[in-house]
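**Student:** no letters, just coordinates:
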Ligand SMILES: C[S@@+](CC[C@H](N)C(=O)[O-])C[C@H]1O[C@@H](n2cnc3c(N)ncnc32)[C@H](O)[C@@H]1O
């Protein structure tokens, strides 16, 4: 890990370090403020291997979710071949291991993945290259400008797993989860759709709960502590989570349901 003399960084520890950058500095109180529309994460990390560059050049165009033309709104179901039972979205898929796991187990579900970090995109492409699944589309960029281009109620599940915690007080405006994003997701998600969020950052957890509990369109499905303390079986761990198991309070797994629309 960075700052651990003598320890060689593997690509996965580097990825984890990047996600963990700016680790929690204290129990600063949450401060919603206005959202910051700029993307502050990294788009590239360590130099890509030639094979990864090749996948980005040749395979990514085949599975890339392109921005719909200006002014148009698309129903996400039409992006995939016919017969997809549902459409799911994973925001910030990192190296894509959770997304690939879900796609392999749900071949009749179309999964959209957004991730601006190209090294992570290249990893997912490498995972997909053999089987060439038809139920994955990738948006290799910030998800936020894309979301307004989707039609209402087209998504049955949304994943936001270990979003960057941005722990410093002055950086909290960078946090992905905020009221405008939840408003947009509420519009895009169909009634009864599920929003899954995980975090291992206690300050961000408080922030996330505060925003979600206050949101009229989402209801927390947890009935007892085990529902959020333990990972459900159909929720594989990610590289980030695996590398950050530190003996701290651990990860929290939140499942919210999109309330039925009224009127
Ligand atoms: C801490 S990492 C977690 C990655 C992955 N979900 C996991 O659990 O391994 C957070 C990821 O969210 C991505 N991200 C941050 N802001 C984003 C945005 N606006 N749109 C899409 N992805 C974003 C980052 O690039 C980063 O890869």
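**Tutor:** Thanks, I have it. Note that this is a predicted model, so its numbers are computed, not measured.
**Student:** tally of neighbours for the residue nearest to residue 261 when sequence neighbours are not counted?
**Tutor:** Counting by Cβ to Cβ, 6 or more residues apart in numbering, residue 191 is the residue found nearest to residue 261 once chain neighbours are left out, at 5.7 Å. Every C-beta, even on glycine, is put in place using the N, C-alpha and C of the backbone. By the measure other Cβ atoms under 10 Å, the count of residues near residue 191 is 12.
**Student:** helix, strand or coil: sort out residue 191 for me.
**Tutor:** Three-state call for residue 191 (DSSP: H, G, I helix; E, B strand; the rest coil): strand.
**Student:** as a whole number, average confidence for the strand or helix carrying residue 124?
**Tutor:** Per DSSP states H and E: residue 124 is located in helix 118-128. Helix 118-128 carries an average pLDDT of 97.
**Student:** distance between the ends of stretch 62-80?
**Tutor:** Its first and final residues considered, stretch 62-80 spans 12 Å by Cα to Cα, to the nearest Å.
**Student:** buried ones in that stretch?
**Tutor:** Residues 63, 65, 74, 76-77, 79-80 are the ones in stretch 62-80 that count as buried (16 or more other Cβ atoms under 10 Å).
**Student:** same question for stretch 83-101.
**Tutor:** If you call a residue buried by 16+ other Cβ under 10 Å, then stretch 83-101 has these buried ones: 84, 86-101.
**Student:** gap between the two ends of it?
**Tutor:** 20 Å.
**Student:** distance from that stretch to the middle of the chain?
**Tutor:** Centre-to-centre, stretch 83-101 and its host chain are 9 Å apart (Cα atoms, centre = their mean, to the nearest Å).
**Student:** same check on stretch 105-119?
**Tutor:** How far stretch 105-119 lies from its chain's middle: 9 Å, per Cα atoms, centre = their mean.
**Student:** report the longest helix in this protein, please.
**Tutor:** helix 202-214 (DSSP state H).
**Student:** can you tell if that one touches the ligand?
**Tutor:** No. Using Cβ under 6 Å from any ligand atom, helix 202-214 never reaches the ligand; the gap is at least 10.3 Å.
**Student:** so what secondary structure elements neighbour that helix?
**Tutor:** On a contact count with 3 or more Cβ pairs under 8 Å, 6 or more residues apart in numbering; DSSP states H and E, helix 202-214 meets helix 179-188, strand 189-199, strand 218-220, strand 252-258.
**Student:** brilliant, that's me finished.
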